[in-house]
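Engineer: can't give you the sequence, but here's the structure:
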Ligand code: SAH
Ligand code: SF4
């Protein structure tokens with residue numbers, strides 16, 4: 001049984017004075033510059049920015065009034081000019097396997113008349129880790145034929161603050177900030193570790209089509225004086241936006257996952273249509289030369305198991321051959337159905353036979369267990385009902 005909660009605390013929009021700029025998602029340098037506008041010297045602005053950073057990202061504070069090491073007058077000025085945003089929680093569901101899914105709503109206080117947007121974020125707890133699956137866009141411009149998100153047109157890119165807002169709100173709900181309380185429903189990892197130990201950019205949207213915001217959000221998430229998530233515990237998944245792969249390695253430095261799903265261009269053109277623009281050879285070359293790639297820092301190749309489409313033994317052998325020169329991990333994902341999907345998941349014998357070939361080539365435990373299917377939280381099942389805005393409205397919104 002899954003549980004749909006109507007959250008009382010936390011779901012109500014927090015009081016917001018319109019026009020206040022959100023500090024979440026700004027770099028420390030930008031925050032210093034904004035503090036300089038209050039007349040602080042460079043040195044003071046840098047010091048205050050570090051204090052704010054600590055309150056925001058280490059303590060999870062959203063209330064300037066609670067920032068006890070900042071002078072009272074400055075706290076009041078900050079509260080007048082800024083806010084530290086959180087999304088509203090539209091719903092929070094817990095699967096019978098402990099997976100948790102939120103539907104988050106973002107409003108832009110600078111444009112209160114524009115419709116809000118909604119995205120889904122999923123928390124996947126395991127015994128020794130907890131992974132947060134974060135969205136980068138509302139909908140997706142791409143139309144991978146087996147993906148539910150692909151049926152929702154792109155509404156807009158999320159800002160860096162909105163990408164981070166998912167992490168902050170999830171941490172808040174999971175009691176991951178100092179003094180927080182762990183939920184008693186669902187699961188969190190054993191021991192004293194944080195509830196969220198890993199982030200995967202595998203929610204709604206193509207992260208490399210929203211590169212600047214994703215980069216900014218991930219650099220903040222991995223900042224050692226803030227959320228401090230190790231870059232080895234952050235994975236960005238792309239359908240194959242080849243020109244952005246090198247910068248992802250050199251500028252962000254997180255782990256890379258590739259939605260491969262087919263070993264021949266003719267089939268990949270259908271399953272992952274971006275392949276028509278950047279075919280397999282170019283994609284694999286970008287992987288071979290991914291900055292920092294090594295046997296200790298392998299690229300994950302995701303491969304959805306579609307019955308009778310891409311799941312033969314010959315496909316498995318070709319997969320192993322294609323990846324032979326790349327430090328790779330292989331993740332076989334049983335297809336997760338959604339209403340109206342035209343595919344069927346390969347049966348278990350077929351997946352085992354495919355996995356055996358992959359195993360024998362030296363890749364360990366390659367099958368990803370589907371999680372949260374009962375609440376539609378599994379890979380490729382995310383979709384929000386946010387309507388696509390007319391171009392004119394969208395442009396007005398992005399101003
Ligand atoms: N847009 C990025 C990030 C999404 S990650 C990307 O495509 O890589 C989500 C992963 O789940 C991708 O590998 C995606 O191809 C896969 N996926 C999509 N729909 C799926 C489905 N119905 N069942 C299983 N996996 C799916
Ligand atoms: Fe977009 Fe990724 Fe879904 Fe393809 S698989 S439609 S790129 S979210």
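Structural biologist: Done, it's in. Every value quoted in this text rests on a predicted model; they were computed, and no experiment measured them. Ligands and ions are numbered 1, 2, ... in the order given.

Engineer: Quick check, the residue in the stretch 51-200 of the chain closest to ligand 1?
Structural biologist: residue 147 (3.4 Å; CB to the nearest ligand atom). Quick note: C-beta positions are derived from backbone N, CA and C, even for glycine.

Engineer: And what about that residue, helix, strand or coil?
Structural biologist: coil (DSSP: H, G, I helix; E, B strand; the rest coil).

Engineer: tell me the mean pLDDT over stretch 53-70?
Structural biologist: The average of the pLDDT scores along stretch 53-70 is 97.

Engineer: Go ahead and name everything in contact with that stretch.
Structural biologist: For stretch 53-70, the external contacting residues (CB atoms under 8 Å, 6 or more residues apart in numbering) are 14, 23-24, 28, 31, 48, 51-52, 75-76, 78-79, 82-86, 168, 171-172, 176-178, 180, 220, 223, 225-227.

Engineer: Okay, buried residues for it please.
Structural biologist: Neighbour-count burial for stretch 53-70 flags 53, 55-57, 60-62, 64, 67, 70 (criterion: 16 or more other CB atoms under 10 Å).

Engineer: Tell me which two in these are the farthest apart.
Structural biologist: 60 and 70 (16.3 Å; CB to CB).

Engineer: Pull the distance from stretch 199-208 to the chain's centre.
Structural biologist: 4 Å (CA atoms, centre = their mean, to the nearest Å).

Engineer: hmm, that stretch touching ligand 1?
Structural biologist: Yes - for stretch 199-208 and ligand 1, the contact criterion (CB under 6 Å from any ligand atom) is met by 202, 206.

Engineer: what's the answer for stretch 257-276, then?
Structural biologist: Yes - Stretch 257-276 reaches ligand 1 (CB under 6 Å from any ligand atom) through residue 259.

Engineer: Can you turn the buried part of the contacts of stretch 53-70 into a ChimeraX selection?
Structural biologist: Buried members of these, defined by 16+ other CB under 10 Å, are picked up in ChimeraX with:
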select :23,24,28,31,48,52,75,78,79,82,83,84,85,86,168,171,172,176,220,226,227
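
Engineer: Looking at the contacts of stretch 53-70, which are in strands?
Structural biologist: 82-83 (DSSP state E).

Engineer: distance of the closest residue to ligand 1 within the chain from residue 67?
Structural biologist: Closest residue of the chain to ligand 1, CB to the nearest ligand atom: residue 380 (1.8 Å). With distances taken as CB to CB, to the nearest Å, residue 380 is found 41 Å from residue 67.

Engineer: Likewise for residue 171?
Structural biologist: Taking CB to CB, one finds residue 171 at 18 Å from residue 67.

Engineer: Return the distance of the nearest residue to residue 155 once chain neighbours are set aside relative to residue 210.
Structural biologist: Nearest non-adjacent residue to residue 155, counting by CB to CB, 6 or more residues apart in numbering: residue 138, 3.8 Å away. According to CB to CB, residue 138 stands 10 Å off from residue 210.

Engineer: How about residue 334?
Structural biologist: For residue 334, the distance to residue 210 - CB to CB - is 28 Å.

Engineer: do residue 31 as well
Structural biologist: For residue 31, the distance to residue 210 - CB to CB - is 22 Å.

Engineer: Pull up the residues of the stretch 51-200 of the chain that are close to ligand 2.
Structural biologist: 140, 142-144, 147, 149-150.

Engineer: In strands, which of these appear?
Structural biologist: Per DSSP E, these never map to strands.

Engineer: and these as TSV, adding pLDDT?
Structural biologist: TSV is the format used below for these (pLDDT from 0 to 100):
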residue	pLDDT
140	92
142	93
143	91
144	95
147	93
149	86
150	82
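
Engineer: And these, which of them are buried?
Structural biologist: Looking at those with 16+ other CB under 10 Å, the buried ones turn out to be 140, 142, 144, 147, 149-150.

Engineer: and of those, the nearest to residue 267?
Structural biologist: Using CB to CB, those come closest to residue 267 at residue 144, 12.3 Å.
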